[in-house]
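Participant: Pasted the sequence and its predicted model underneath.
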Amino acid sequence: MKYKTQKFFNEWTKEHKYQIEDIKLILHLWRRSPLSVIGSIIVLALISIALLAPYLAPHDPFEVNVPNQLLPPSSEYIFGTDKVGRDILSRVIYGSRISLMIAIMVVLVSSLIGAVAGLISGYFGGKIDEAIMRITDIFFAFPRLILAMAVAAALGRGITNTMLAIAFVSWPIYARLSRAGTLQIKNEVYIEAAKSIGAGHIRVMFLHILPMIIPFTLVQATLDMGGVILTAAGLGFIGLGAQPPSSEWGAMISLGRQYVATGQWWVATFPGLAILITALGFNLLGDGLRDIFDVRMRR
Amino acid sequence: MDLRTYTARRLALMVFVFFGILVISFVLIYIVPGDPVGAIYPQAPPYMIEKITREWGFDRPLHEQFLSYLWKLLHGDFGKSLLTNRPVMQDLITFFPTTIELATFATILAVAMGIPLGMISALKKDKIPDHIARIFAISGVSMPVYWLGLLMLTVFYYQLRLMPGPGQLDPYIKYPPTVTGFLLIDSLIAGRIDAFLNYIHHLIMPSFILGLFGAAGIARMTRSSMLEVLRKEYVRTARAKGLRERIVIIRHVLRNALIPTVTVIGVTYGMLLEGAVLTETVFGLPGLGQYATRAAIHLDFLAVMGSTLLIAIIYSFANLIVDVVYAYLDPRIRYG
């Protein structure tokens, strides 16, 4: 039994020799780039905090305790308390779930829509290509935050609509990227081979080209995560995103805004710090990934 | 293709883009189940709402509304804002100058921060200064601008009293008469140096924050294009003939490396026009961003469409100018 596993493992490594070397090279480049290491640590920490929120949070993030209102940071309430005595640390911890979920959903949806649009555009070319690319031109010239605000306001406030609004304005960049990738790949010999044995358009597009353009979009997706978190928090801050009593970070800053003048700085400061660190983590990682993939292309 | 044909084609494309923006925002705004009249007058009785709806034409078919909007637009009429009850065009003229002032200052600061940061990064590649410069630049785009604005107001205004608070002018300073709408220019026309300086003082914090946001892209572009130029053979030649490093960097590297940076600066300007939305809100600056935000919140759609179109127009022209300037600066680029 043990021998069999060993044998299987050996064969598997032999078969996937090149992939394994690729991964080793990426790991090597990753270790040499301190920015992406820092970024990865932040992102991993964020994911762990979001997953372990119920165990990490010292208090109930929604528990109202009016006598304890607006307490400054202390050993009991490390980040202080807000207007109705809720523990800000616990709220920031739970808020990571909301931001992370928004970022993942938006990036997934918009990259999927964008990838398919770009795939169709690049694969078929001609008029379809022209039409899809002109639509992306329109979206690029759109002031995205204002459009997202208008969509969020019209659809109604809340997290789901925030996600819809941001996804609606984020997909064109993925369409451009995946179109470029498709153009590069569609004339490869293996695509021709697939076609010659009778593979249809759909099969070629989704099974042979799509997997190859995912790396093109990966860097953009990572960079976008930071941007989406910022935009979502911005909408929350204006009052068009997540609504109180949600512990969404932008909405929390908005609640703390009125205390800035009176000296209760902690109410707005800590949620903002969380946004900054989170967005920084994704942006550092994305920037580092971009360098890594760049080097590989120059190889 | 020569530059003139290229420019003409780009202009034609731009008209198409603006039309597309109108169609998309119009459809989006009118098919979603928002109730603009109810949003503005929440307490209005049903017969009032019905009357206003009819007056504004919200009850007519979509294409009819769109065509009539387009027709008015071609005559320079953006419609009337539900919120301010003034023509949107007039509102835009009132609110836009502040945004231009803010975005211009911010872009200058972004260039002043971004280019040196990018240079340090490129010259000390993969060393500590590079890492620090890059983390600083990336922090700029990771910053919730409204949050940094609140923090800076707390520290420099409420605590230290070093900087002025929100608004354009201190309350005890009278506004100069409006001539151009640009407060900076108007105060100079009126000979009001006090108002001029006071306004600049008010602009420092918001434009620094916005500039920080724009600096990241400029720094990144400067870094990567400098790294590319540094590898060129003419740089090696310049060094080999014994030029001092400073001269090599300034005369041979920087001159060539800054060409792509010019493109980013144009894009940054457009980006900051939009980025001003949240900054204006926090610093109480009566700009287009604040206007559009309020309009969006209250479903004042003609105002939203007007602001969107205006920003898109400026953004597209900034991009066009940049591309033409780029082609002009770099004769190797011929659009074909």
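Facilitator: Arrived safely.

Participant: Identify the residues contacting residue A:65.
Facilitator: The neighbourhood of residue A:65, defined by CB atoms under 8 Å, 6 or more residues apart in numbering or on different chains, consists of A:81, A:84, A:85, A:86. From N, CA and C alone the C-beta is placed, and that goes for glycine too.

Participant: and the gap between residue B:81 and residue B:298?
Facilitator: 10 Å (CB to CB, to the nearest Å).

Participant: Get me the contact residues on the stretch 1-150 of chain B for chain A.
Facilitator: Residues of the stretch 1-150 of chain B lying near chain A by CB under 8 Å from any CB of the partner chain: B:13, B:16-18, B:20-21, B:24-25, B:28-29, B:32-34, B:131, B:134-135, B:138-139, B:141-144, B:146-148, B:150.

Participant: for the helix or strand encompassing residue B:237, which positions count as buried?
Facilitator: Taking DSSP states H and E as the criterion, residue B:237 maps to helix B:233-240. Going by neighbour count (16 or more other CB atoms under 10 Å in any protein chain shown), the buried part of helix B:233-240 is B:235, B:238.

Participant: which residues are contacting it?
Facilitator: B:229, B:245, B:247, B:248, B:251, B:252, B:253.

Participant: The same query, at a cut-off of 6 Å, please.
Facilitator: With CB atoms under 6 Å, 6 or more residues apart in numbering or on different chains as the test, helix B:233-240 has contacts from B:248, B:252.

Participant: And stretch B:299-315, by the same measure?
Facilitator: Contact with stretch B:299-315 is made by A:141, A:143, A:146, A:150, A:153, B:21, B:25, B:29, B:34, B:36, B:39, B:78-79, B:81-83, B:88, B:92, B:270, B:273-274, B:288, B:292, B:295-296, as judged by CB under 6 Å, 6+ apart.

Participant: which residue ranges form the strands in chain B?
Facilitator: Counting by DSSP state E, chain B forms no strands at all.

Participant: Below-threshold pLDDT in it: ranges please.
Facilitator: Low-confidence segments of chain B (pLDDT under 70): B:1, B:29-44, B:55-58, B:330-336.

Participant: need the contact list for the most centrally placed residue in it.
Facilitator: Closest residue to the average C-alpha location of chain B: residue B:273 at 1.1 Å, with CA atoms, centre = their mean. Residues counted as contacts of residue B:273 (CB under 6 Å, 6+ apart) are B:103, B:311, B:314.

Participant: in chain B, which spans are helices?
Facilitator: Under the criterion DSSP state H, chain B carries helices at the ranges B:3-31, B:36-40, B:46-56, B:62-74, B:88-123, B:128-142, B:145-152, B:183-189, B:193-230, B:233-240, B:245-247, B:255-283, B:288-297, B:301-329.

Participant: how close does the residue nearest to residue A:169 when sequence neighbours are not counted get to residue B:86?
Facilitator: Once flanking residues are discounted, residue A:169 sits nearest to residue A:144: 4.3 Å by CB to CB, 6 or more residues apart in numbering or on different chains. Distance, residue A:144 to residue B:86, by CB to CB: 27 Å.

Participant: about what we covered before: hmm, which of the residues of the stretch 1-150 of chain B next to chain A are the buried ones?
Facilitator: Neighbour-count burial (16+ other CB under 10 Å) applied to these gives B:17-18, B:20-21, B:24-25, B:28-29, B:34, B:131, B:134-135, B:138-139, B:141-144, B:146-148, B:150.

Participant: re the thing from before, and the helix holding residue B:237 with helix B:193-230, angle?
Facilitator: Inter-element angle recorded for helix B:233-240 and helix B:193-230: 90 degrees (by axes from the mean of the first three to the mean of the last three CA atoms, to 10 degrees).

Participant: hmm, back to that, more crowded one of residue A:144 and residue B:86?
Facilitator: Taking other CB atoms under 10 Å in any protein chain shown, residue A:144 and residue B:86 do not tie; residue A:144 has more neighbours (19 against 12).
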